[in-house]
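> Just need the structure, nothing else, for what follows:
(one chain, ligands or ions: 2)
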Amino acid sequence: MQTRILSTSEYDVALASEIIAGGGLVAFPTETVYGLGANALNEEAVKKIYLAKGRPSDNPLIVHIAKKEDIYELVEEVTPKAKALIDAFFPAPLTVILKKSKLIGNVVSGGLDTVAVRMPKNEIARRLIEKSGCPIAAPSANTSGLPSPTRAKYVVDDMMGKIDAIIDGGDCEFGVESTVITLATDVPTLLRPGAVTKEMLEEVIGEVYVAPAVLEGMAENEEAASPGMKYKHYSPKTRVVMVQGTKEQYENFVNSKTDCGALCFDGDDVKIPKITYGKESDELEQARELFDALRELDGFKVKKVYARAPGKDGVSMAVYNRLIRACGFDIIDLTKPFTVGITGQTGAGKGYVCEKLRQYGFEVIDCDKIARQVTRKGESVLNVLAENFGKDILVNGELDRKLLAKRAFATREKTDLLNSILHQIIREKCISLAKGICVLDAPQLFEANMQGDCYKVIGVVANEDTRIKRIVARDNITVEQARQRMAAQYSQEYFLDNCDFVIYNNGESLDTQIENILEVIL
Ligand code: TXA
Ligand code: MG
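Numbering: from 1, shown residues only. Ligands and ions are numbered 1, 2, ... in the order given. Alright, predicted model coming up:
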C-alpha cells in the first residue's frame, strides 16, 4: 500500500477526512501522541487498525470526538461526574470511560460493555473528525510494543506502507498519551496517568482511586482494570533500570559504571554516554521528551542503561508510569544509603562475605571500625560511657574496651544501655560515609535499627558448635566466654525471619551463595 504524507492544509485535511469516511486509515497529530484513525462506526475499517498495529483484538480503542455533545450518542449515560469532567476539561488530553451505547461495536470496545471517549485539544485532530462526519477510533500510531509516536517521523518508521495517509502536524505538545479515567465503576478510577493529573481531576469530582498497576507491576494473577495494562509496553532492546535517588546519589552511582549508559535529566553531571529527557524541574518537558529518548536508546551500544527516576505526583506520575514499564519494573533505590547490609552471629563468617563483596567492587563500611573511631581518646561520648559504666573504664583518657565489654555484657539492661548510647552515633557516622554501591558490615544491624537504611539485608549464619570453635580460636577466649557472648545475640531463627537473604556457613560454598544473591540484587 502507498502511504501518502499529508500537510495540515485545508485541502490535505479534507483529503484525509475523505479517506476516513471511505473506510481507510489515517495517522494524525493530537496534543498527546499521533493517533491511527478510522471511522469508529465502521467495524471493517476499525479492524484494519488492529492489523496495521499488530494489536491484540481485546485491547479497546479510544473514540475521538470533535464536540462535547458528540459523546451522548456513544454512551448509555453521561453520569454527573462524567458531565463535570467534560465541562471542566474537554477538549483535553483526557479520556473518560462510560458504559457504551448500541452504536459502539465490539471491535472498537475490544468486547467490553464500556467505551473510552476523548475530545482532543489539537485543532487539526478536531478538524479531521469534524470533516469526516463520524467519531474516529484511534489508538497511538505506533506498532504495538513500541513507544507512542510523538513526531511524524516515528509514524513513518512504524506505519509506512501499512496505512493510507499520515498527516504531518509537527511535534506533539504533551508527548505522553491522555489520562484515562473510568466512570463505569463505583469509584472513579485512574487507569492511565497523563497531563490532566489526579490532583486536577479530584478538584472537580472528589476522590479518584489510582489503579495499583499504574505505579507497580501487576501481580501474576491480577485482573487488569484496563486491557492495555496487561500488555507488555515498550521495553528497549537495551536493558533499562530505574534509579531512585537524589541528583548527587544518581551521579555518583552512574559515574562509577563502565560499559553502561544513562537516561537522565538535562544538567545531570554524568560521565558515561547519556540521553536526556528534560529538566528535573520541568515535568511537562520530561513528558514531552521521554518517548523520543526511549526510541533513541536503541541506537545506544551499551550493556545497560540507568534511568534517573522522575517524581510520582502531578504530570510526573505519567512519566513514571511510562518509564517504569520501559524498565520492566526494575528499580535500584539509592535513597537507602546502603545497598546491602551484612549481619549475622559472632563467628558465623561475616568477615569473609564482606571481603568477597569488596572484591566485587563494593565499598564496605565496617561498623566495628566506626565504633572504635567514635570512641577514640577525646571523643565526648567517652564521658557518657564513664558515667554509666564506671570512671575506671578510662585510663589516661583511653577507653579500656575489654573492661567496658565485661561490664556492658554482664546483663541485658547494661547491654541495652551501651547500645542506646552508641548506636545512633555509629549510625549517623556510617550514613555520612556511604556513597555509591556500598555494604554496611554491621554485626548489630538489627539492634541498631539500621535495616531500614539498607536496600537488602544479608544474614550470615552457622551452627553453634562451628561458631564456638571459630570464636575461641580467633579471640583466644574460653568456650564459656564464647557462649556468654553468643547468648547476648539474636537466634538463628531471628536472622532467617528478618533478613532478605541468608548465607549458611557450615562448609557450604560461600562464593556460590554470594554470587546467587548478587545476581538477584544487581
Ligand atoms: O492520548 C491518547 O489517548 C492517544 C491519542 C491518539 O488519542 N491514544 C491512545 O490510545 O493512547 P491507545 O489505544 O494507545 O491507548 C488506549 C488505552 C489502552 O490502554 C486501552 O486498554 C485503554 O485505553 N482502554 C480503551 N478503552 C477502554 C475501556 N473501555 N476500558 C478500559 N480501558 C480501555
Ligand atoms: Mg498505545
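> only C-alpha atoms for contact and neighbour calcs from this point on.
Fine.
> In which helix or strand does whichever residue of the stretch 201-350 of the chain sits closest to ligand 1 reside?
Taking CA to the nearest ligand atom as the measure, the point where the stretch 201-350 of the chain comes nearest ligand 1 is residue 228, at 3.2 Å. Secondary structure from DSSP states H and E places residue 228 in helix 227-230.
> and stretch 186-200, how far from the chain's centre?
Put simply, stretch 186-200 sits 19 Å off its chain's centre (CA atoms, centre = their mean, to the nearest Å).
> Stretch 473-481 now?
49 Å.
> follow-up on the earlier one: the nearest residue to the residue of the stretch 201-350 of the chain closest to ligand 1 once chain neighbours are set aside: neighbouring residues, count only.
What sits nearest to residue 228 in space, not counting adjacent residues and going by CA to CA, 6 or more residues apart in numbering, is residue 59, at 5.9 Å. Residue 59 has 20 neighbouring residues, counting by other CA atoms under 10 Å.
> show me what contacts residue 59?
Counting by CA atoms under 8 Å, 6 or more residues apart in numbering, residue 59 touches 109, 110, 227, 228.
> What score does residue 232 have for pLDDT?
At residue 232, the predicted lDDT confidence score is 63.
> typo on my end, it should be residue 357
92.
> Which strand or helix spans it?
Residue-wise, residue 357 maps onto helix 350-359 under DSSP H and E.
> again with residue 436
Applying DSSP H and E, one finds residue 436 in no helix or strand.
> Return the backbone torsion pair for it.
Per-residue torsions, residue 436: phi 60, psi -150 (degrees, to the nearest 10).
> try residue 39
Dihedral angles of residue 39 (phi, psi; degrees, to the nearest 10) stand at phi -60, psi 120.
> Check residue 467 too.
When read as degrees, to the nearest 10, the backbone of residue 467 gives phi -70, psi -40.
> and the nearest residue to it once chain neighbours are set aside, what does it touch?
Nearest non-adjacent residue to residue 467, counting by CA to CA, 6+ apart: residue 347, 4.6 Å away. Contact analysis of residue 347 by CA under 8 Å, 6+ apart lists 462, 466, 467, 468, 470, 471.
> Now for the contacts of residue 59: which two are most distant?
Maximum pairwise distance among those (CA to CA): 12.1 Å, between 109 and 228.
> Among the two, which residue is more densely surrounded?
Comparing residue 109 with residue 228 by other CA under 10 Å, the one with more neighbours is residue 109, at 22 against 16.
> ok, and the nearest residue to that one once chain neighbours are set aside, which helix or strand is that part of?
Using CA to CA, 6+ apart and skipping the chain neighbours, the partner closest in space to residue 109 is residue 60 (4.5 Å). Following DSSP H and E, one finds residue 60 outside all helices and strands.
> How many neighbouring residues does residue 60 have?
Neighbour tally, residue 60, other CA under 10 Å: 25.
> Identify the residues contacting residue 304.
Residue 304 touches 238, 239, 240, 241, 259, 260, 261, counting by CA under 8 Å, 6+ apart.
> Distance of residue 47 relative to residue 69?
26 Å (CA to CA, to the nearest Å).
> Which one's more surrounded, these two?
Neighbours were tallied for residue 47 and for residue 69 using other CA under 10 Å; the higher tally belongs to residue 47 (15 against 9).
> check which helix or strand covers the more buried one.
helix 43-53.
> Just after that helix, pick out the following helix or strand.
Using DSSP H and E, the helix or strand that follows helix 43-53 in sequence is strand 62-64.
> residues from the protein in reach of ligand 1?
32-35, 59-62, 97, 109, 114-116, 138-140, 177-178, 226-229 (CA under 6 Å from any ligand atom).
> And the helix holding residue 228, what's buried?
Buried positions in helix 227-230, judged by neighbour count with 16 or more other CA atoms under 10 Å: 228, 229.
> Contacts for stretch 235-253 next, please.
145-146, 268-270, 294-295, 297-298, 300, 302-309, 323-335, 435-437.
> rerun at 7 Å
With contact meaning CA atoms under 7 Å, 6 or more residues apart in numbering, stretch 235-253 is reached by 268-270, 294, 297-298, 303-309, 324, 326-328, 330-335, 436-437.
> List buried residues within the residues you listed.
268, 270, 294, 297, 304-309, 324, 326-328, 330-335, 436-437.
> In strands, which of those appear?
304, 305, 306, 307, 308, 331, 332, 333 (DSSP state E).
> Would you mind giving those as a markdown table with pLDDT and distance to residue 431 added?
Formatted as a markdown table, these follow (pLDDT from 0 to 100; distance: CA to CA, whole Å):
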| residue | pLDDT | distance to residue 431 |
| --- | --- | --- |
| 304 | 89 | 28 |
| 305 | 94 | 27 |
| 306 | 94 | 23 |
| 307 | 97 | 24 |
| 308 | 98 | 22 |
| 331 | 84 | 21 |
| 332 | 81 | 18 |
| 333 | 79 | 15 |
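> can you list those in JSON lines and add distance to residue 155?
Converted to JSON lines, those look like this (distance: CA to CA, whole Å):
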{"residue": "304", "distance to residue 155": "27"}
{"residue": "305", "distance to residue 155": "25"}
{"residue": "306", "distance to residue 155": "27"}
{"residue": "307", "distance to residue 155": "25"}
{"residue": "308", "distance to residue 155": "27"}
{"residue": "331", "distance to residue 155": "30"}
{"residue": "332", "distance to residue 155": "33"}
{"residue": "333", "distance to residue 155": "35"}
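> Report the two of the residues you listed separated the most.
304 and 333, at 16.5 Å, using CA to CA across those.
> related to what we said a few turns ago, for the helix holding residue 357, name the packing helices and strands.
In terms of contacts (3 or more CA pairs under 7 Å, 6 or more residues apart in numbering; DSSP states H and E), helix 350-359 is packed against no helix or strand at all.
> got the buried residues for it?
350, 351, 353, 354, 356, 357.
> Partner strands of the next helix or strand after it, with direction?
Going down the chain from helix 350-359, the next helix or strand is strand 363-366, by DSSP H and E. Here strand 363-366 has these sheet partners by DSSP bridges: strand 438-441 (parallel).
> Now do the strand it pairs with, average pLDDT.
Rounded mean pLDDT across strand 438-441 is 94.
> Partner strands of whichever helix or strand comes after that strand and their direction?
Using DSSP H and E, the helix or strand that follows strand 438-441 towards the C-terminus is strand 454-461. When pairing is defined by DSSP bridges, strand 454-461 lines up against strand 338-344 (parallel), strand 501-504 (parallel).
> Adding distance to residue 6 as columns, could you present these in JSON lines?
Putting the strands paired with strand 454-461 into JSON lines (distance: least, CA to CA, whole Å) gives the following:
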{"stretch": "strand 338-344", "distance to residue 6": "53"}
{"stretch": "strand 501-504", "distance to residue 6": "59"}
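> Assess the claim that residue 307 and residue 263 are in contact.
Yes. If you go by CA atoms under 7 Å, residue 307 and residue 263 touch, sitting 4.4 Å apart.
> Would you indicate which residues of the longest helix along the chain are buried?
Secondary structure of the chain read by DSSP state H shows that its longest helix is helix 412-433. Applying a neighbour-count criterion of 16+ other CA under 10 Å, one finds 414, 418, 419, 422, 423, 425, 426, 427, 429, 430, 431 buried in helix 412-433.
> Show me how far stretch 195-203 is from its chain's centre.
How far stretch 195-203 lies from its chain's middle: 21 Å, per CA atoms, centre = their mean.
> For that stretch, the averaged confidence score.
98.
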